[in-house]
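**Student:** Predicted model and sequence below, questions to follow.
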Amino acid sequence: MSAGTRGPGAGSGEALHRLSIRQLAEGLRARRFSSRELAQHFLQRIEAHDKTLNSFVTVTAERALAQAAAADARLAQGAGGPLTGIPIAQKDIFCTQGVKTSCGSRMLDSYVAPYDATIVRKLHAEAGAVMLGKCNMDEFAMGSSNETSWYGPVRNPWDLERVPGGSSGGSVAAVAAGLAPAATATDTGGSIRQPAALTGLTGIKPTYGRVSRYGMVAFASSLDQAGVVAHSAEDAAYVLQAMAGFDPLDSTSVDRPVDDYCAALDRPIEGLRIGLPKEYFAEGLDPACRAAIETAIGQFERLGARICEIRLPHAPLSVPTYYVVAPAEASSNLARYDGVRYGHRADGARTLEELYKKSRGEGFGAEVQRRIMIGTYVLSHGYYDAYYLKAQKVRRLIYDDFKRAFETVDLVVGPTAQNVAFKLGDKLDDPVAMYLNDIYTIAANLAGIPALSIPCGFVNGLPVGLQLMGNFFDEARLLNAAHQYQLATDWHLRRPHGFE
Amino acid sequence: MVSSEAKTGLKTPDAEWAEKWEAVIGLEVHVQLLTRSKIFSGAPTAYGAAPNTQASAIDLGLPGVLPVLNGEALRMAVMFGLAIDAHIAPRCVFARKHYFYPDLPKGYQISQYELPIVSQGHLDIEVEGQARRIGITRAHLEEDAGKSLHEGFGDQSGIDLNRAGTPLLEIVSEPDLRSPAEAVAYLKKLHQLVVYLGICDGNMQEGSFRCDANVSVRRKGEHKFGTRTETKNVNSFRFVEKAIAYEIERQIEVLESGGAVVQETRLFDPDRGETRAMRSKEEAMDYRYFPDPDLLPVVCTQEYIEGIRRQLPELPEAKKARFMDHYGLPAYDAGVLTAERALADYYEAVVESSGADPKLCANWVITDLLGGLNKLGCELAASPVSAGALAGLLKRIVDKTVSGKLAKEVFEAMLAGEGSADQIIAARGLVQITDEAAIVAAIEAVMAKNPSQLAEYRAGKDKLFGFFVGQVMKATQGKANPEAVNKLLKEKLASP
């Protein structure tokens, strides 16, 4: 066991942030430390490091200590599950009753939800996890660098001059720096996988409909899916297990039993059929990253997997398709932010129209406004057929590509991103270059299939991510393959300098 | 569709223009469905609550909330579709209709656009004895918006979101209507139907049944439709008639004076009895409809549809036919009694528990009950005399406890809330005298008191029989059984 090689330390001096979730749970049960001590440990690390990283919008120290005390009481009675007393961070896109939910936007800078998102309820009220705080993110999850946040950019712990990726930049920076053992995240076009790749983490986007979207501030409803970022597939499995499942409050969630992700981790992957789409290795992929990915694929072969080439002919159409569908839905989903009932309301408006224009003009940043305008345009009378309807047709073709692929393979492998983390500000003035960050991740969202990213090497001291995509509801197999790879490698155990 | 020839028989008050012009009318009716909770949330739908007390996080459009379709609203829409012999979509889709307004919390209304639940139905109407079939293009489910209140808040407006998310069925007719009278007949028929189905309370004042009218005119014989206007929110049958009549005449005037009708939305002002322009087509909004990604397409299986068909209540026309056939009622009576489902139910309850002759029951319900309620200005639902109570009275007529004449007095007392028929009969001593000996005694006393009339009668003046009946009834305070009086009086008067 890779996690076992480190061995559980003892006493108060042990590096609690270097333990896996399973080790933390064992430590809590063995009373080597309490949930309260655990929470304090991570809160202290946030205190020490987050001025540099800016990975949290809100730190909920008091709530964390109260939840930890409750967890300790449960654990003392021998009750609770594998997440009871384990601290985690929430992306600031999930509604938390009584705690600000900003979604990285000035629009919601003062917004406190009167209810908990389903996954917040499941993770904390039910599974007993402890919430450390709410993580920074690109505004309304629109961005690939965490530079569009109203709360400022997040820095990559591997190189403070570089971006952590986005939109779940705060979640990955916090976990990569050891400020939280795991964090929730969301993925509309790659917002879990791309930042996980850029920070050396394991990030999984489940099948569309596997995790409830209720209480998750909507960006593009038909693509949004909640997931988790953690150090390993095993850690991710523990957290995802508590999040997944049907929710009657979300019509698009699927009423189907949840597999036992943790139990599936240890299965050997002998004979696993992995497809290699040549479209994912075309021009644009950094050669050094490509080399790391090919080495990782070799590792899978050594573990007994059979690699074969497949075709995903419509995959190259993913980015243009996505940039019609996602903005269209976003322009609609963000129409509710009008300054009337909640959220930013501009001062001094004399007419209703002025109130709308000023509130939205001030409340939304440039990238959000850009996408609202694109979305409004593609849904307009006379353009709908040429853009939105056409994009839906292409989306169907992409879906069909994967359907066909999974008739002959179990998983599809490829890069998560074209390159390692780029410098802050590098792509800020070039939206198209920024959008190309998601070139390999978007297809899984358009098709609705689960996908994850795992660290598979380093280029110039920066992590490289490998992407695995699975068939519908095949999260267990994805996590299993990732875990088996992680048993044989140690990329996921590396920690950024200064945050060990 | 009906050709223009079918219209020549029309003799409505608007007929002055009918010589040269033809009106083309289509109605859009918003029917508020009688579900207990809203169409996409669990919040209650009751009318008249304090502002913003019946709006949940979902109705308020808070960040992160999601809609879940109320199955009851769907069931009601399917019921309506089946009742108008329409096509029920095996797969229908909810779409978002976008516009900004403070009482529209999400910035879009969830409605149906390309694939509505109901399409291609029809409703048969009758105007001045002429039957017409009016096509119903579609009926789709949607959520209502909230209300903006512009008075009482100084220079601001108040927003009440209680109504936001209330389920509506928007029923769109074909442009098949040709006169205000037809429009009203269609509207009344539709109103009767949705109330019958139990899917709407039909309360027009509270906005449960709202109508927008699309009106255009064209010269007789012309096949192309003229430019139409849409008159919004005409909320009584009378206003609909007035608004359409006004609009037809206004458009004809415009055209006859060489002008052109502007395609626009107009508002009816009931105080002035006229319509006025609200916004023109140039200002018309682009609603940017697209399928709502938060709601999956709704699939109605044949099994589901048939299950609802089996539960459909008897509809007005079928009920009327049955009343004529089964109870032997004349068409007029059957028509009156089946106009409202509640009245028909009332009538049937009276027949069943009284065991009285159905025609007698019909007379009592139509003449006495409806007449009495009308005088009281009271709705059937609030009637002081229940069906059971009326049946109690009719039983006493059948078993001859009271005469039909005295029964009217008893009923007046019942309407006044004096108690049950039996209580009133006992309290007022109205029990009919059927004991022959007592009647004979009364007859003999009357004969003794009126020797001259008796002699005249026996001398052949038959007309005096009525006088003796009156005297006997008077002597018994009207309580003597009239048939017995007749029979015994004949015997006694005949034999000296």
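**Tutor:** Thanks, I have it.

**Student:** ok, residue A:441 touching residue A:196?
**Tutor:** No: Residue A:441 lies out of contact with residue A:196 (C-beta atoms under 8 Å); the separation is 10.2 Å. Where C-beta positions appear, they are placed from N, C-alpha and C, glycine not excepted.

**Student:** Counting neighbours, go ahead and name the busier of the two.
**Tutor:** Just comparing residue A:441 and residue A:196: by other C-beta atoms under 10 Å in any protein chain shown the higher neighbour count belongs to residue A:196, 38 against 30.

**Student:** Now that we're looking at the nearest residue to residue B:292 once chain neighbours are set aside, what pLDDT does it have?
**Tutor:** Computed as C-beta to C-beta, 6 or more residues apart in numbering or on different chains, the closest residue to residue B:292 that is not its neighbour in sequence is residue B:94, at 4.5 Å. pLDDT, residue B:94: 98.

**Student:** same question, residue B:476
**Tutor:** You'll see residue B:476 listed with a pLDDT of 85.

**Student:** Helix, strand, or coil at the residue in chain A that chain B sits nearest to?
**Tutor:** When scored by C-beta to the nearest C-beta, chain A has residue A:335 as its residue closest to chain B, at 2.5 Å. The three-state label given to residue A:335 by DSSP: H, G, I helix; E, B strand; the rest coil is helix.

**Student:** How about the contacts made by it?
**Tutor:** Residues near residue A:335 by C-beta atoms under 8 Å, 6 or more residues apart in numbering or on different chains: B:98, B:100, B:106-108.

**Student:** tally of neighbours for residue B:309?
**Tutor:** Applying other C-beta under 10 Å, we find 13 residues neighbouring residue B:309.

**Student:** how much space between it and chain A?
**Tutor:** Note on residue B:309: its distance to chain A, by C-beta to the nearest C-beta, to the nearest Å, is 26 Å.

**Student:** quick one: what helix or strand has that residue in it?
**Tutor:** helix B:302-311 (DSSP states H and E).

**Student:** what's in contact with that helix?
**Tutor:** Applying C-beta under 8 Å, 6+ apart, the external contacts of helix B:302-311 come out as B:75, B:78-79, B:82, B:88, B:90.

**Student:** Give me the pLDDT for residue 238.
**Tutor:** Picking chain A for this. pLDDT at residue A:238 comes out at 98.

**Student:** think we crossed wires, I meant chain B
**Tutor:** At residue B:238, the pLDDT value in this model is 92.

**Student:** picking up where we left off before, what sits opposite the residue nearest to residue B:292 in the beta ladder?
**Tutor:** residue B:112 (DSSP bridges).

**Student:** Can you verify my assumption that it contacts residue B:290?
**Tutor:** No: contact criterion C-beta under 8 Å: residue B:94 and residue B:290 do not qualify, at 10.5 Å.

**Student:** Give me the three-state assignment for residue A:131.
**Tutor:** strand.

**Student:** same thing with residue B:262?
**Tutor:** Here residue B:262 is recorded as coil under three-state DSSP.

**Student:** Once you drop chain neighbours, what's closest to it?
**Tutor:** That would be residue B:280: by C-beta to C-beta, 6+ apart, it lies 6.0 Å from residue B:262.

**Student:** buried residues in stretch A:97-115?
**Tutor:** Using 16 or more other C-beta atoms under 10 Å in any protein chain shown as the test for burial, stretch A:97-115 gives A:99-109, A:111, A:113, A:115.

**Student:** again with stretch A:401-417
**Tutor:** Those would be A:401-402, A:405-406, A:409-417, for stretch A:401-417 by 16+ other C-beta under 10 Å.

**Student:** Mind checking which of these land in helices?
**Tutor:** Counted as lying in helices by DSSP state H, out of these, are A:401-402, A:405.

**Student:** Name the residues contacting each of residue A:441 and residue A:196.
**Tutor:** residue A:416.

**Student:** Next, work out how far apart the one residue sitting closest to the centre of chain A and residue A:321 are.
**Tutor:** Compute the mean C-alpha point of chain A, and by C-alpha atoms, centre = their mean the closest residue is residue A:192, 2.6 Å away. Between residue A:192 and residue A:321 the computed distance is 20 Å (C-beta to C-beta, to the nearest Å).

**Student:** Tell me the residues of the stretch 201-350 of chain B that contact chain A?
**Tutor:** Contact residues (C-beta under 8 Å from any C-beta of the partner chain) of the stretch 201-350 of chain B with chain A: B:286, B:288-290, B:293-296.

**Student:** Which one of those is nearest to residue A:84?
**Tutor:** residue B:294 (32.6 Å; C-beta to C-beta).

**Student:** is it fair to say the closest one lies in a helix?
**Tutor:** No: read with three-state DSSP, residue B:294 is coil and lies in no helix.

**Student:** Break the chain into its domains for me.
**Tutor:** Assuming you mean chain A. Segmentation of chain A into domains, based on automatic domain parsing, reads A:19-271, A:316-392.

**Student:** sorry, should have said chain B
**Tutor:** Looking at automatic domain parsing, the domains of chain B come to B:14-304, B:314-427, B:436-494.

**Student:** export those to JSON lines and tack on mean neighbour count?
**Tutor:** What follows is these, written out as JSON lines (neighbours: other C-beta atoms under 10 Å in any protein chain shown):
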{"stretch": "domain B:14-304", "mean neighbour count": "19"}
{"stretch": "domain B:314-427", "mean neighbour count": "17"}
{"stretch": "domain B:436-494", "mean neighbour count": "15"}
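
**Student:** of all those domains, which has the lowest average per-residue confidence?
**Tutor:** Among those, domain B:436-494 has the lowest mean pLDDT, at a mean of 87.
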